[in-house]
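[1] Generate coordinates for the sequence data below:
(2 chains)
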Amino acid sequence: RKEVEQDPGPFNVPEGATVAFNCTYSNSASQSFFWYRQDCRKEPKLLMSVYSSGNEDGRFTAQLNRASQYISLLIRDSKLSDSATYLCVAVTDSWGKLQFGAGTQVVVTP
Amino acid sequence: DGGITQSPKYLFRKEGQNVTLSCEQNLNHDAMYWYRQDPGQGLRLIYYSQIVNDFQKGDIAEGYSVSREKKESFPLTVTSAQKNPTAFYLCASSPPGLPSYEQYFGPGTRLTVT
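    Residues are numbered from 1 along each chain as shown, chains lettered A, B, ... in the order given. Sure, this is the predicted structure:
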């Protein structure tokens, strides 16, 4: 079983709509999580950190459910520029080893 | 401008040749990392270094080697022993202080071995 699992998508979203997707993690000891955004053939860029129950940054909201071991990302009022692959990351080690999911692709359409 | 640079962006090599990928950062970050990304897969850790002159194997270190002689530099050598070297290679670094798990990535090098 992979340590971090994501629905690969794609999630096709009309512009202006809301989209949400989850990521599950297997290591119950994981304390910190991140969402990274990766554009096609580019490097991942940090989108949000999730250290407690959740985090909100503008149109983006991340929620952490420790009981069920999943993190969610919600994007409100989707923009065309939100089209990307979103990588879920769990910190699985005391020194900060990151475990990456394979990513969820989001396609925002006009 | 502060950041992480990787060169070259694209690299082509013949099978059996060693190749070294460059990674430089001027962010004053202590820790540096190398990952590889294959299509449809998450990033996998090759090597990491938390301090100069020290580095540790990651999950897929076989066929790779690194050095960390300077804080700013963490080159990765893909040796001929790596069975499937064609991939997207990403270098990352993270700021000093604990906890500091956020990692920042360079633009990557796409290596194609034929």
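[2] switch to C-alpha atoms for all contacts and neighbour counts from now on
    OK.
[3] Next to chain B, which bits of chain A? Give me the list.
    If contacts are counted using Cα under 8 Å from any Cα of the partner chain, the residues of chain A sitting beside chain B are A:42-46, A:49, A:87, A:91, A:95-103.
[4] Next step: those restricted to helices.
    Counted as lying in helices by DSSP state H, out of the residues of chain A next to chain B, is not a single one.
[5] tally of neighbours for the closest residue to chain B within chain A?
    Scanning chain A for the residue nearest chain B gives residue A:102, at 3.8 Å (criterion: Cα to the nearest Cα). Residue A:102 sits with 24 neighbouring residues when counted by other Cα atoms under 10 Å in any protein chain shown.
[6] which residues of the chain fall in strands?
    No chain was given, so I picked chain A. Along chain A, the stretches classed as strands by DSSP state E are A:4-6, A:11-14, A:19-25, A:33-38, A:44-50, A:54-57, A:60-65, A:70-75, A:84-91, A:98-100, A:104-109.
[7] think we crossed wires, I meant chain B
    Assigned strands in chain B, in chain order: B:4-7, B:10-13, B:19-25, B:31-37, B:44-51, B:54-57, B:64-66, B:76-78, B:87-94, B:104-105, B:109-113 (criterion: DSSP E).
[8] dump the residue contacts of residue B:25.
    For residue B:25, the contact set (Cα atoms under 8 Å, 6 or more residues apart in numbering or on different chains) comprises B:2-5, B:72-73, B:93.
[9] now the residues you listed: which count as buried?
    The neighbour-count criterion (16 or more other Cα atoms under 10 Å in any protein chain shown) marks B:4-5, B:72-73, B:93 among those as buried.
[10] still on that earlier bit, what's the farthest-apart pair in the contacts of residue B:25?
    Across the contacts of residue B:25, the longest distance by Cα to Cα is 13.9 Å; it joins B:2 and B:73.
[11] Touching, the residue of chain A closest to chain B and residue B:40? I think so.
    Yes - Residue A:102 sits in contact with residue B:40 when judged by Cα atoms under 8 Å, with a separation of 6.1 Å.
[12] ok, back up a step: any chance of the strands of chain A in a markdown table, with mean neighbour count and mean pLDDT too?
    Formatted as a markdown table, the entries for the strands of chain A read as follows, by neighbours: other Cα atoms under 10 Å in any protein chain shown; pLDDT from 0 to 100:
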| stretch | mean neighbour count | mean pLDDT |
| --- | --- | --- |
| strand A:4-6 | 22 | 95 |
| strand A:11-14 | 16 | 97 |
| strand A:19-25 | 20 | 96 |
| strand A:33-38 | 23 | 95 |
| strand A:44-50 | 19 | 93 |
| strand A:54-57 | 14 | 90 |
| strand A:60-65 | 18 | 96 |
| strand A:70-75 | 19 | 96 |
| strand A:84-91 | 25 | 95 |
| strand A:98-100 | 24 | 91 |
| strand A:104-109 | 21 | 98 |
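[13] which residues does the residue of chain A closest to chain B contact?
    A:5-6, A:8, A:87-88, B:40-43.
[14] Distance to residue A:22 added to those, as CSV?
    What follows is the contacts of residue A:102, written out as CSV (distance: Cα to Cα, whole Å):
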residue, distance to residue A:22
A:5, 9
A:6, 7
A:8, 10
A:87, 11
A:88, 9
B:40, 17
B:41, 17
B:42, 16
B:43, 18
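[15] Much appreciated, bye for now.
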